[in-house]
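In: what's the 3D shape of this:
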Amino acid sequence: MKLKIAFLTLITLLLAACSSSRPPLSTRDIETGVDPDSWSTIPAGEFLFTRHEKEIDLAYSYEMMVTDVTNAQFAGYLNSALASSDLEIEGDMVVGYYAGDPFSGHKHEKEIPEGNYPHYPLNAEGSRIRYLEENFVVDPGYANHPVTMVTWFGAKGYCEAQGGRLPSEVEWEKAARGTEDNRAYPWGNQLMRNQANYVSSNDIFEKVSGNRADTTPVGFYNGRTYDGYQTLSNASPYGLYDMAGNVWQWTGDVYEGTHNRYLRGGSMADYGYNLRVFARNNVRPDYQSPRIGFRCLRDLSGSQ
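Out: Below you'll find the model as predicted:
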């Protein structure tokens, strides 16, 4: 009996040693081969806008980020902006200046006057960036995941600091859909389980987190295989990844009569119909969510 117990103890220790030598997937960096610092040109021309296939002619070219902004990129920006006093910390929030919205006084419209507004929370549940010893650092394994918990003000501030801006809904949809047809998704009209991060993807990050929705690294769905999980590419006609799924993306439009801002693309916690290129959502601009991120647009000189 003593020999049997000793043998079982040895096996247990060996298994523990093996498991401890390989950290959980959620804390391991996965290289997708997609560069989050890259941009793609969206050429001038017509395309079909919304499910009603309205012909829109964008008579200018522009650039869009190939991926969503990552935690690493946003953490670097926060550290730089705080050091230069472009942003500051008030209580448990990073805040920054906003010039305010035009106010029409419509029913349910909330006035947004000039002043400081929240950009990013400090150490909030759902965020992957921590404020430690007066420095923003990314949780292990999440450097190349899309940043979340950023408000519209924070997304706008980041893009402008990079010499860009948030895309309008029209600009976003053209970048997602292309010009050749009225496709429902950036890659075509069919959504496969392993083509985007949404509720049915059953990707490897969900498996290690108890089937809970989690972000995947930017560009994860590019045709590669990770830990036995074969992905299909979800790139748009212009080579933009994750324009469907992973995180909702802020757009820049400020519409008359409403203080809300609009989101595109769907998230890891949404069903397939929210991943269609014409699907949209809206929330107040100070809203924060682990399901919301963004990417930026750059105007090309002389194009607009």
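In: The stretch 151-300 of the chain: helices as residue ranges?
Out: Remark: helices assigned in the stretch 151-300 of the chain by DSSP state H, counting those that start in this stretch are 152-161, 169-177, 204-208.
In: Give me the mean pLDDT for the first one.
Out: Rounded to a whole number, the mean pLDDT of helix 152-161 is 98.
In: Also stretch 268-278?
Out: 95.
In: Can you name the residues in contact with that stretch?
Out: Contacts with stretch 268-278, where a contact means Cβ atoms under 8 Å, 6 or more residues apart in numbering, come from 49-51, 173, 176-177, 183-186, 191, 196-201, 213-216, 243-247, 264-267, 279, 281, 291. In short, each C-beta sits where N, CA and C put it, glycine included.
In: my guess is residue 156 meets residue 254, correct?
Out: No - look at residue 156 against residue 254 with Cβ atoms under 8 Å: they stay out of range, at 9.9 Å.
In: Looking at these two, which is more packed in?
Out: residue 156 (24 against 15; other Cβ atoms under 10 Å).
In: Against residue 69, how distant is that one?
Out: 12 Å (Cβ to Cβ, to the nearest Å).
In: And residue 283, by the same measure?
Out: Separation of residue 283 from residue 69 (Cβ to Cβ): 18 Å.
In: can you list the weak-confidence ranges in the stretch 1-150 of the chain?
Out: The model of the stretch 1-150 of the chain has pLDDT under 70 over residues 1-28, 52.
In: make it 80
Out: 1-29, 48-54 (pLDDT under 80).
In: more neighbours, residue 283 and residue 69?
Out: residue 69 (24 against 17).
In: Please name the residues that touch the more buried one.
Out: Applying Cβ under 8 Å, 6+ apart, the residues near residue 69 are 36, 146-147, 150, 155, 158, 293-296.
In: if you set the cut-off to 6 Å instead, what comes out?
Out: 147, 294 (Cβ atoms under 6 Å, 6 or more residues apart in numbering).
In: what does the one 3 residues further on give?
Out: Neighbouring residues of residue 72 by Cβ under 6 Å, 6+ apart: 138, 143.
In: how close does it sit to residue 180?
Out: With the distance defined as Cβ to Cβ, residue 72 ends up 34 Å from residue 180.
In: Repeat that for residue 236.
Out: 11 Å.
In: Look at the two and report which has more neighbours.
Out: Taking other Cβ under 10 Å, residue 236 and residue 180 do not tie; residue 236 has more neighbours (24 against 9).
In: quick one, what contacts the nearest residue to the more buried one once chain neighbours are set aside?
Out: Spatially, and ignoring its direct neighbours in sequence, residue 236 is nearest to residue 186 (3.8 Å; Cβ to Cβ, 6 or more residues apart in numbering). By Cβ under 6 Å, 6+ apart, the residues touching residue 186 are 176, 236, 243-244.
In: which of those residues lies closest to residue 135?
Out: residue 243 (32.3 Å; Cβ to Cβ).
In: what about the closest one, neighbour count?
Out: Using other Cβ under 10 Å, residue 243 has 29 neighbouring residues.
In: need the contact list for it.
Out: 176, 186, 236, 265.
In: So the last one is in contact with residue 249, correct?
Out: Yes - using Cβ atoms under 6 Å, residue 265 is in contact with residue 249, at 4.7 Å.
In: Pick out whichever of these two has more residues nearby.
Out: Higher neighbour count among residue 265 and residue 249: residue 265, with 32 against 25, using other Cβ under 10 Å.
In: in the stretch 51-200 of the chain, which spans are strands?
Out: Here the stretch 51-200 of the chain has its strands, by DSSP state E, counting those that start in this stretch, at 54-58, 62-65, 88-90, 93-98, 115-121, 129-132, 135-138.
In: Of the ones you listed, give the one that comes closest to residue 169.
Out: Closest among those, once you apply Cβ to Cβ, is strand 54-58, at 10.5 Å.
In: between the contacts of residue 243, which is nearest residue 129?
Out: Using Cβ to Cβ, residue 265 is the member of the contacts of residue 243 that lies nearest residue 129, at 21.1 Å.
In: Provide a list of residues in contact with that closest one.
Out: 243-244, 248-249.
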